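# Kindly return the folded structure for what I paste below:
(2 chains)
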Amino acid sequence: MLQEPFSTGNSQIHRLDPRFKMVLATVYAFVVALSNSFPALIAALIFSFALIGLCRLGFLEVAKRIALVNGFIVFLWVVVPLTYDGQSIYYLGPFGVSREGVLVSARITLKSNAILLAFIALIASSTVATLGSALSRLKIPAKIIYLLLLNYRYIFVMEEEYRRLLRSASIRGFRPASNLHTYKTYAYLIGILFVKASDRAERVYNAMLCRGFAGKFYSLHEFSFSRLDLIWLVVMTIVIIGLEILEWVKIA
Amino acid sequence: MKKKGLSIRGMIYASIFGAVTAAGAYIMIPLPPVPITLQTAFLSLAAALLGGRLGALSQVVYLLIGIIGFPVFAGGKAGLGVLLGPTGGYLIGFVAGAYVIGKLVEMRQRPGFIWIVFSMAIGTAVIYLFGVTQLALIARVSIDKAITVGVLPFLIGDTLKIAVAALIAVKIRDRVGIVD
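All right, here's what the predicted structure looks like:
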């Protein structure tokens, strides 16, 4: 089931203004994505881990997210060093392990993990409903935010709808296997899911009309930029300048 | 499969079909030997049923909810880091791919199975184009190697998904879609 496991807590980061966290996370993600020197990337990864520590998030849940992102990165580590042009540092049978390939793979690993961890700490520490309100205060077009909130509302519903269909099939004795009956059953399930999605969209539309929806959602969230936010603005500015210096030192 | 502006009804359809795509990332079909997810099949279906503009919008909103941290990208991933990472191009390609599929389907009054398969194949190629380009740029590998890693392993699965998605689209198109 879809959940927001990081959104509850009372850490300093949980208490920061969500608008501020969104801006910080975005700027930090781009700074890290554009960095290439190892000192800067290692420092970014350490800082991102520190953010996770300050957030006091569940270790297992964070580890699960990290493992998911690193699935494809492991695949890159298998392929890129063996196929990348450059000086071979080791031979695996007929294949040379390229030094440049190893460096590229290491950079991707550091960048991906640093950005992911920072996003878990800064963004996933707020609920999607709160982030929707924060985006609205950041002057993001209202229609985009309505789409976002409606989408968020119905992901749970559509997932549960699919589970219900699957349970019905199981109760009728359906067991998936590699045969035509299985493919047809899944095709029917998907078809019904889309028909149900369409029916639901029509019902939601009619319900919104009945309630006099005039194109505006109202939010009771109040945001304020506190002293804690100011302290974190200073900290993040120093960190970002530090990363840029590490990047620049390498170039020099 | 009718063309509409971004009305309230259009917004709701785009949101709910985007939600179905997001749920698709969680739906794993336990087919032996390798379980498959249905995300691209759901994307193709949403685009074929909603048309180019709303189909693309359903994917934009799906990306946005993933970017702000909700774990809806394949395998439960989330965040801007995924979009900026080696596989982010495929996700960006979802928007362009959905637009292309929807527009191609809209070109025919009542498209048949073959035309829908053709549209979905072109849309999938667009997704691969974005995916391979970003993979080559981020991983700094040649396009040939990016294709070897990022396209060839998925070709058979995607071909099957296109065929199934097109069959479903033909079957349910009169029951699904925006009718004013």
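
# Can you name the residues that contact the residue minimising distance to the centre of chain B?
For chain B, the residue nearest the mean C-alpha position is B:Leu43 (3.1 Å; C-alpha atoms, centre = their mean). Counting by C-beta atoms under 8 Å, 6 or more residues apart in numbering or on different chains, B:Leu43 touches B:21, B:24, B:59, B:94, B:97-98. Yep, even glycine has a C-beta here, placed from its N, CA and C like the rest.

# Lowest-scoring secondary structure element of chain A by mean pLDDT?
strand A:88-92 (a mean of 76; mean pLDDT, DSSP states H and E).

# rewinding a little: distance-wise, check the residue nearest to the centre of chain B relative to chain A.
12 Å (C-beta to the nearest C-beta, to the nearest Å).

# Return the distance of the host helix or strand of B:Met120 from the chain's centre.
Using DSSP states H and E, B:Met120 sits in helix B:113-139. Once both centres are worked out by C-alpha atoms, centre = their mean, to the nearest Å, helix B:113-139 turns out to sit 9 Å from its chain's centre.

# got the buried residues for it?
By 16 or more other C-beta atoms under 10 Å in any protein chain shown, the buried positions in helix B:113-139 come out as B:115-121, B:123-124, B:126-136, B:138-139.

# same thing with stretch A:236-246?
A:236, A:239-240, A:243, A:246.

# Quick check: the residue of the stretch 51-200 of chain A nearest chain B.
A:Ile115 (3.1 Å; C-beta to the nearest C-beta).

# Taking chain B, what residue is nearest to chain A?
For chain B, C-beta to the nearest C-beta, closest residue to chain A: B:Gly81, 3.1 Å.

# Please verify my assumption that that residue contacts A:Ala121.
No. Using C-beta atoms under 8 Å, B:Gly81 makes no contact with A:Ala121, being 11.9 Å away.

# and A:Ile144, what does it touch?
A:135, B:60-61, B:64.

# and it, what element?
helix A:142-171.

# Just checking, which helix or strand succeeds that helix along the chain?
helix A:180-210.

# what helices or strands is that next one leaning on?
In terms of contact count using 3 or more C-beta pairs under 8 Å, 6 or more residues apart in numbering or on different chains; DSSP states H and E, helix A:180-210 is assigned the packing partners helix A:142-171, helix B:8-24, helix B:39-50, helix B:155-172.

# Report the angle between that helix and helix B:155-172.
60 degrees (axes from the mean of the first three to the mean of the last three C-alpha atoms, to 10 degrees).

# buried stuff in helix A:180-210?
A:182-183, A:185-187, A:189-194, A:196-198, A:200-202, A:204-205, A:208.

# quick one: that helix to helix B:39-50, angle?
Going by the same axes, to 10 degrees, helix A:180-210 makes 50 degrees with helix B:39-50.

# Which element is encountered next along the chain beyond helix A:180-210?
helix A:227-251.

# which one of the helices and strands packed on helix A:180-210 is the most hemmed in?
Among the helices and strands packed on helix A:180-210, ranked by average contacts under mean count of other C-beta atoms under 10 Å in any protein chain shown, first place goes to helix B:39-50 (a mean of 30).

# do whatever helix or strand comes next after it and chain A meet?
Next helix or strand after helix B:39-50 toward the C-terminus (DSSP H and E): helix B:52-67. Yes. Helix B:52-67 lies within reach of chain A by C-beta under 8 Å from any C-beta of the partner chain, at B:57, B:60-62, B:64-65.

# any idea of the mean pLDDT in helix B:52-67?
Average pLDDT, helix B:52-67: 89.

# Stretch B:143-151 too?
84.

# show me where the stretch 1-150 of chain A has helices.
For the stretch 1-150 of chain A, applying DSSP state H, counting those that start in this stretch gives helices covering A:12-15, A:18-34, A:38-55, A:59-83, A:99-122, A:128-137, A:142-171.
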